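1. Here is a sequence with its predicted model. Questions after.
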Amino acid sequence: FPHVALGGTFDHLHIGHKILLTAAALTATQKLTIGVSAETLLVKKKYKDYLEPYRARELGVLLFLRRIRKDIIFELEPLYDIYGPTIVDASVAALVVSQETLNGCEVLNDKRGERGMPPMQILAVDLVS
């Protein structure tokens, strides 16, 4: 897919994050947009006092991705809601998600449809426990 997206908190980058990021990076042929949860989206998150600051999480994602691919554009954006850029950027062709977040993806494509945008292909990745 030319333009792929994914989103998450990406706190204390771990193997599950790395699997998702790698899958997304290998799926994109031109551009990968990564939404990183902003602090305002995390006010009710469990253990929020232990979360890394936004910039640390964003930098960790970018440094990891640069080891995977050097031939595509990485665009990192703060996520202020569950939709992020997927409902304003019609060029996003695919969304990489974990199996645990798969159920919430239908609402994203519904919102895109309301705005006259094509649906995204949803690519669910099984995570290793």
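-> Received it, and whenever you're ready, just let me know what you need. Quantities reported herein were computed from a predicted structural model and do not represent experimental measurements.
2. Run through the residues that contact the residue nearest to Ala38 when sequence neighbours are not counted.
-> Closest residue in space to Ala38, ignoring its immediate chain neighbours: Pro78 at 4.0 Å, by CB to CB, 6 or more residues apart in numbering. The way it works is simple: take the backbone N, C-alpha and C, and place the C-beta from them, glycine included. Residues in contact with Pro78 (CB atoms under 8 Å, 6 or more residues apart in numbering) are 35-38, 54.
3. Let me know the secondary structure of Pro78.
-> strand (DSSP: H, G, I helix; E, B strand; the rest coil).
4. burial count for the closest residue to Val88 other than its chain neighbours?
-> Distances taken as CB to CB, 6+ apart put Arg115 closest to Val88, at 8.0 Å, once the chain neighbours are dropped. Here the number of neighbours of Arg115 (other CB atoms under 10 Å) works out to 10.
5. Give me the distance between Arg115 and Thr86.
-> Plainly put, Arg115 is 11 Å away from Thr86 if you go by CB to CB, to the nearest Å.
6. For this protein, which segments count as strands?
-> 3-8, 31-37, 73-79, 94-98, 121-125 (DSSP state E).
7. Using neighbour counts, pick out the buried residues of stretch 61-78.
-> For stretch 61-78, the neighbour count (16 or more other CB atoms under 10 Å) marks 61, 64-65, 68, 72, 74, 76-77 as buried.
8. Kindly list the longest helix within this protein.
-> For the chain, the helix reaching the highest residue count under DSSP state H is reported as helix 54-68.
9. avg pLDDT for that one?
-> Taken as a whole, helix 54-68 has a mean pLDDT of 96.
10. tell me the angle of that helix relative to strand 31-37?
-> 150 degrees (axes from the mean of the first three to the mean of the last three CA atoms, to 10 degrees).
11. which strands and helices sit next to helix 54-68?
-> Applying 3 or more CB pairs under 8 Å, 6 or more residues apart in numbering; DSSP states H and E, one finds that helix 54-68 makes contact with helix 15-27, strand 31-37, strand 73-79.
12. Distance from the chain centre to that helix, please.
-> 12 Å (CA atoms, centre = their mean, to the nearest Å).
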